[in-house]
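Undergrad: With the sequence up front, the predicted model follows.
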Amino acid sequence: MKTILVSAFALMAGSALAQEQVLNIYNWSDYIAEDTIAKFEAETGIKVNYDVYDSNEVLEAKMLAGNSGYDIVVPTSDFLRRQIAAGVYQPLDKSKLPNLKHMDAALMEKASAYDEDNTHSVIYMWGTTGFGINTNAVAERLGEDAPTDSWALIFEPDNLSKLQDCGVSLLDAPTEMLPAAMNYLGLDPRSTAREDFEAGAAKIESVRDYIRYFHSSQYISDLANGDTCVAVGWSGDVFQAQARADEADNGVEIEYVIPKEGALQWFDMMAIPTDAPNPDAAHAFINFVMDPQITADITNYVWYANGNAASMELVDAEITGDPAIFPDDATKQNLWPAAVYDSRTDRVVTRLWTKVKTGQ
Ligand code: SPD
């Protein structure tokens, strides 16, 4: 009798296990609302494992190696494009994505420059690469006339040397930092000419001694705590730092700047790896995120613009009305889309970046 009971339990447990669906997500850090995953699990019964990264290069290495075990990843559009060419992503089954109708057609069209007909991907969030400043700390050191609206604040040794003591950080993102320096020098930020990258690298090397660190997520808390006074960073991350400082009521005032010379505009795209273990659950998640309320909740929490037209009326007016998050037409004129690098260009950029960071 005992044996029969044990076997019955084993069978029940086995079938429960067989039925439990799991979805493995790999997304950028600080990039989702507090309750998004819990809501998805409650609505679908699918259990989510959620891991984070803060670098396209890290994601790309995993994707190109294959067998990552992830069902959803969120590469930025320029990286996505060459990963599609390498066969890393599967075409989306749009019959499983009825919420696609909520997406902003003009933004999806823009994103299709990297993924023809949006075959493999849907916009998750988008933003710009500018910098965050602690307004008081910068004014104390450079005066009220500090060039806080210009990349000159970062790339001119005369300015950055005076900010060294209050903490300066740059993104550890060569495909964004080198073009920003090239743009400041009056070169095309989308250029792939070796000499243009070398000029950009030399510009950053001219201020390297004043940079505390190169990192792509640490700056959120450091800006918020007042441990960093200037950080090149991504729009929403700087706004999150501002929100954290406001919440802590610590007297730190942070502003996000899209410099007058221009900035990179990028799209982070949800995509399903070709070897994803659970593509059905991945489609369910992408469709869930495209629900206007869910995507509005994410934008309201992470301060990044989304590509979902129907969500706009649900996003806080403070966010939709801020041209540093949803750039106005004048600012848009100054934004450049990312260039896609081939492997030769990628090697040039990687080598120069190592030299910028290490001096060798
Ligand atoms: N903390 C979320 C950061 C998302 C940044 N996306 C990367 C954009 C790269 N151009």
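TA: Received, thanks.
Undergrad: per-residue confidence for Thr3?
TA: Thr3 carries a pLDDT value of 43.
Undergrad: Just give the nearest non-adjacent residue to Asp237, would you?
TA: Spatially, and ignoring its direct neighbours in sequence, Asp237 is nearest to Ile220 (5.1 Å; C-beta to C-beta, 6 or more residues apart in numbering). C-beta coordinates here come from the backbone N, C-alpha and C atoms, glycine included.
Undergrad: Asp51 is in contact with Ile37, correct?
TA: No - judged on C-beta atoms under 8 Å, Ile37 makes no contact with Asp51 at a distance of 11.8 Å.
Undergrad: Those two: who's more crowded?
TA: Per other C-beta atoms under 10 Å, whichever of Ile37 and Asp51 has more neighbours is Ile37, with 17 against 14.
Undergrad: what's the more buried one in contact with, if anything?
TA: 25, 48, 50 (C-beta atoms under 8 Å, 6 or more residues apart in numbering).
Undergrad: average pLDDT for the helix or strand where it lies?
TA: Remark: Ile37 resides in helix 36-44, with elements defined by DSSP states H and E. Averaging pLDDT along helix 36-44 gives 98.
Undergrad: same question, stretch 204-217
TA: The predicted model assigns stretch 204-217 a mean pLDDT of 98.
Undergrad: Next: stretch 151-170.
TA: 98.
Undergrad: after the helix or strand of the chain with the lowest mean pLDDT comes which helix or strand?
TA: Ranked by mean pLDDT, DSSP states H and E, the weakest helix or strand in the chain is helix 2-19, scoring a mean of 45. Sequence-wise, the next helix or strand downstream of helix 2-19 (DSSP H and E) is strand 22-28.
Undergrad: so what does that following strand touch, helix or strand wise?
TA: Judged by 3 or more C-beta pairs under 8 Å, 6 or more residues apart in numbering; DSSP states H and E, the packing partners of strand 22-28 are strand 47-53, strand 72-73, helix 279-289.
Undergrad: ok, residues contacting that strand?
TA: Residues from elsewhere that reach strand 22-28, judged by C-beta under 8 Å, 6+ apart: 37, 46-54, 59, 62, 68-74, 124, 268, 277-278, 281-282, 284-285.
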